[in-house]
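[1] Everything below, folded, please.
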Amino acid sequence: MLVKQLMEIYELVDRADANGNGVKEFLEKQYNAKDVAVKKITGAQGSTDFIRVRIAGKKGKVSGGNAPTLGILGRLGGLGARPEIIGMVSDGDGALVALAVAAKLLDMQQKGDCLEGDVVVSTHICADAPTQPHFPVPFMGSPVEISEVNQEEVDGELDAILSCDTTKGNKIINTRGFAISPTVKDGYILKVSDDLLNLMQTTTGRLPFVFALSTQDITPYGNDLYHLNSILQPATATAAPVVGVAITTEAPVSGSASGASHLMDMEEAGRYMLEVAKYFGRGQCHFYDQEEYEKIVAKYGSMNHLQTLGR
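    From the prediction side, this is the model:
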């Protein structure tokens, strides 16, 4: 269960002066975190604190092993939209869940349970992000460009990525809880991973929910095309397979709405990503079929151009 960690992190970020150093100090003091980095980035519409927490595994790269590294990214525009909106907004759910997973992994290590592979948790903390118009409900904006977010959160050490993001402002996903996407790699939308579906069914006790993707959704922001949201933007900046973990609602809810964060939905999504981390590090959870992927590329060629802004 991640309820305790979610509530602890919530108290740190649901405040007008929320910042990355406060979270870093908490993780170090409360959970003995050894590898936490905070970097403040200023953009055209303000600033935000990027925070990166690396939890070393028994056989991970940090320890000189070869177990694969999982990246868990909390995607968002901002945790708050002050002064327009008071309090944490729905858009911040992904960041809250990612940080709670980091805290839980650190807590597990303190109690003797260490995963095989390294896990890298990255997100950013901004209490006063801008908003922007979007159909059917307004989007949260970001004080920095998506390309800068990718630069800070996505790097070559990650062998696979779970991108967790509030995905409520749409009419595509009509369920309360969370849903996952098909695997996206190098411009291809691949089949949904059976391993990820099985783990979702186990952690929720329900049949899994999968949300639809269009080609537009996996292209970079800034190309003047429609995007569901930024959940698959990491896939534009890496060759690693990326799967979106979308925190969802039945009806469209604005990312800039306060009072719209649901504790148990976030707990389920976080517990799911924790289980994926366990199995992925042991080589027992695959995001895609390598042989089939190579066959697709051999037949149809590279789709890397979809990771660019195009012509």
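[2] Find the helix or strand that Gly71 is a member of.
    Taking DSSP states H and E as the definition, Gly71 sits inside strand 70-75.
[3] Now for Val243: which residues touch it?
    Val243 makes contacts with 160-163, 180-184, 193, 196, 287, as judged by CB atoms under 8 Å, 6 or more residues apart in numbering. Placement of C-beta: from N, CA and C, glycine included.
[4] Helices of the stretch 51-200 of the chain, start to end?
    93-110, 146-153, 194-204 (DSSP state H, counting those that start in this stretch).
[5] buried set for the shortest one?
    This points to helix 146-153. Neighbour-count burial for helix 146-153, with 16 or more other CB atoms under 10 Å as criterion, is recorded at 146, 148-150, 152-153.
[6] Any chance of JSON lines for the contacts of Val243, columns neighbour count?
    Shown next, in JSON lines, are the contacts of Val243 (neighbours: other CB atoms under 10 Å):
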{"residue": "Ala160", "neighbour count": "25"}
{"residue": "Ile161", "neighbour count": "26"}
{"residue": "Leu162", "neighbour count": "27"}
{"residue": "Ser163", "neighbour count": "26"}
{"residue": "Ile180", "neighbour count": "23"}
{"residue": "Ser181", "neighbour count": "26"}
{"residue": "Pro182", "neighbour count": "21"}
{"residue": "Thr183", "neighbour count": "23"}
{"residue": "Val184", "neighbour count": "29"}
{"residue": "Ser193", "neighbour count": "22"}
{"residue": "Leu196", "neighbour count": "27"}
{"residue": "Phe287", "neighbour count": "25"}
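[7] So which of the helices of the stretch 51-200 of the chain is the most surrounded?
    Most buried of the helices of the stretch 51-200 of the chain, by mean neighbour count (mean count of other CB atoms under 10 Å): helix 93-110, with a mean of 25.
[8] thinking again about what came up before, quick one: mean pLDDT over the strand holding Gly71.
    The average pLDDT for strand 70-75 rounds to 97.
[9] Next: stretch 17-32.
    Mean predicted confidence for stretch 17-32 is 96.
[10] Walking through the stretch 101-250 of the chain, point out its strands one by one.
    Using DSSP state E, counting those that start in this stretch, the strands of the stretch 101-250 of the chain run over residues 119-125, 131-132, 139-140, 160-166, 177-180, 184-185, 188-189, 242-248.
[11] mean pLDDT for those: which is lowest?
    Confidence, taken as mean pLDDT, is least for strand 139-140 of these (a mean of 74).
[12] quick one on the thing from earlier: got the angle for the strand holding Gly71 vs strand 160-166?
    In terms of direction (axes from the mean of the first three to the mean of the last three CA atoms, to 10 degrees), strand 70-75 departs from strand 160-166 by 20 degrees.
[13] sorry, back to before: from the buried residues of helix 146-153, which single one is nearest Pro208?
    For the buried residues of helix 146-153, the closest approach to Pro208 (CB to CB) belongs to Glu153, at 25.7 Å.
[14] you'd agree the closest one is up against Thr123?
    Yes - at 7.4 Å, Glu153 and Thr123 qualify as touching, with contact defined as CB atoms under 8 Å.
[15] In this structure, where is pLDDT below threshold?
    Scanning the chain for pLDDT under 70 picks out 134-139.
[16] Look through the chain and tell me its longest strand.
    In the chain, assigned by DSSP state E, the strand with the most residues is strand 46-55.
[17] Packing partners of that one?
    Contacts defined by 3 or more CB pairs under 8 Å, 6 or more residues apart in numbering; DSSP states H and E place strand 46-55 against helix 20-31, strand 36-43, helix 93-110, strand 119-125, helix 146-153.
[18] helices or strands next to the fourth one in the packing?
    Meaning strand 119-125. Counting by 3+ CB pairs under 8 Å, 6+ apart, strand 119-125 packs on helix 20-31, strand 46-55, strand 70-75, helix 93-110, helix 146-153.
[19] make it 6 Å
    strand 46-55, strand 70-75, helix 93-110 (3 or more CB pairs under 6 Å, 6 or more residues apart in numbering; DSSP states H and E).
[20] now the strands of the stretch 101-250 of the chain as TSV including distance to Lys61?
    TSV is the format used below for the strands of the stretch 101-250 of the chain (distance: least, CB to CB, whole Å):
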stretch	distance to Lys61
strand 119-125	10
strand 131-132	38
strand 139-140	34
strand 160-166	14
strand 177-180	26
strand 184-185	21
strand 188-189	26
strand 242-248	19
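[21] Which of those strands sits closest to Ser90?
    strand 160-166 (5.3 Å).
[22] Tell me which residues are up against the closest one.
    If you take CB atoms under 6 Å, 6 or more residues apart in numbering as the criterion, strand 160-166 is touched by 70-75, 90-91, 93-94, 97-98, 231, 234, 240-245, 247, 255, 273, 287.
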